[in-house]
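**Student:** pasting the sequence and the predicted model now:
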Amino acid sequence: MENKNILESYRKQRDQIDALADKLAEKHQKHMMCKAGCDLCCMDYSIFPVEFYSIRERLKEKEYQHNVPATKDENSCVFLKDHKCAIYDERPVICRTHGLPLLYMNEDGDWELSACELNFTEFDMDEFSEENTFPQDTFNSKLFMLNKEFIAHFKEKKYNEFDLIPVKELLKYIT
């Protein structure tokens, strides 16, 4: 499969993530404090090349013009403007799941639950189950495999399967 098709597969997976995230956000709406203006999670993340190139391609297609003032906080996302995401429609997977109850396996092989400290403050954690949490490892594994296939098509072999690219590097290609 060539990279154009892999990017389409990535976008389809991203759509699946959005659908599940929307379903979970609705299910947990009374416990979710996430809203426009909340940017506690908007950090300087690094992402797989497949995500980076997908976002880069879409921002170029939209002729995105970066007019976000530089932040004084080097840990904040460069696309955060007035407490909102300037590339919201194209944001990385990690940003699409913020605030949700995330289920993942820790280094010891035990299942662990993670959620924003502002959310679920009055929720019995024992009520979380596979049906009402986001299976982070499942989607991360699929993303890892898509990325592995994507980087295999680079002639110059510039990435290995564990390489991540800082989101802020997008600025080099879109401004």
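**Tutor:** Great, that's in hand.
**Student:** make it CA atoms for all contacts and neighbour counts henceforth
**Tutor:** Noted.
**Student:** which residues in this structure form strands?
**Tutor:** With DSSP state E as the definition, the chain shows strands at residue ranges 46-47, 80-81, 84-85, 102-105, 111-114, 134-135, 165-166.
**Student:** format the ones you listed as JSON lines; extra columns: distance to Ala21.
**Tutor:** Formatted as JSON lines, the entries for the strands of the chain read as follows, by distance: least, CA to CA, whole Å:
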{"stretch": "strand 46-47", "distance to Ala21": "19"}
{"stretch": "strand 80-81", "distance to Ala21": "21"}
{"stretch": "strand 84-85", "distance to Ala21": "17"}
{"stretch": "strand 102-105", "distance to Ala21": "10"}
{"stretch": "strand 111-114", "distance to Ala21": "14"}
{"stretch": "strand 134-135", "distance to Ala21": "7"}
{"stretch": "strand 165-166", "distance to Ala21": "24"}
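**Student:** next up, phi/psi of Val78, please.
**Tutor:** As for Val78, its main-chain torsions (degrees, to the nearest 10) stand at phi -70, psi -10.
**Student:** nearest residue to it other than its sequence neighbours?
**Tutor:** Nearest residue to Val78, sequence neighbours excluded (CA to CA, 6 or more residues apart in numbering): Lys168, at 5.9 Å.
**Student:** which neighbouring elements make contact with the worst-scoring helix or strand of the chain on mean pLDDT?
**Tutor:** The weakest-scoring helix or strand in the chain, judged by mean pLDDT, DSSP states H and E, is strand 111-114 (a mean of 84). For strand 111-114, the helices and strands in contact under the criterion 3 or more CA pairs under 8 Å, 6 or more residues apart in numbering; DSSP states H and E are strand 102-105.
**Student:** please name every helix or strand in contact with the strand it packs on.
**Tutor:** Using 3+ CA pairs under 8 Å, 6+ apart, strand 102-105 sits against strand 111-114, strand 134-135, helix 136-152.
**Student:** out of the ones you listed, which comes closest to Glu57?
**Tutor:** Within the helices and strands packed on strand 102-105, the stretch nearest Glu57 is helix 136-152; the backing value is 14.3 Å (CA to CA).
**Student:** helices or strands next to the closest one in the packing?
**Tutor:** The elements that helix 136-152 packs onto, with contact taken as 3+ CA pairs under 8 Å, 6+ apart, are helix 3-27, helix 49-61, strand 102-105.
**Student:** so that helix versus helix 49-61, what angle?
**Tutor:** Following axes from the mean of the first three to the mean of the last three CA atoms, to 10 degrees, one obtains 70 degrees for the angle between helix 136-152 and helix 49-61.
**Student:** in helix 136-152, what's buried?
**Tutor:** Residues of helix 136-152 classed as buried under the neighbour-count rule (16 or more other CA atoms under 10 Å) are 136, 139, 143, 146-152.
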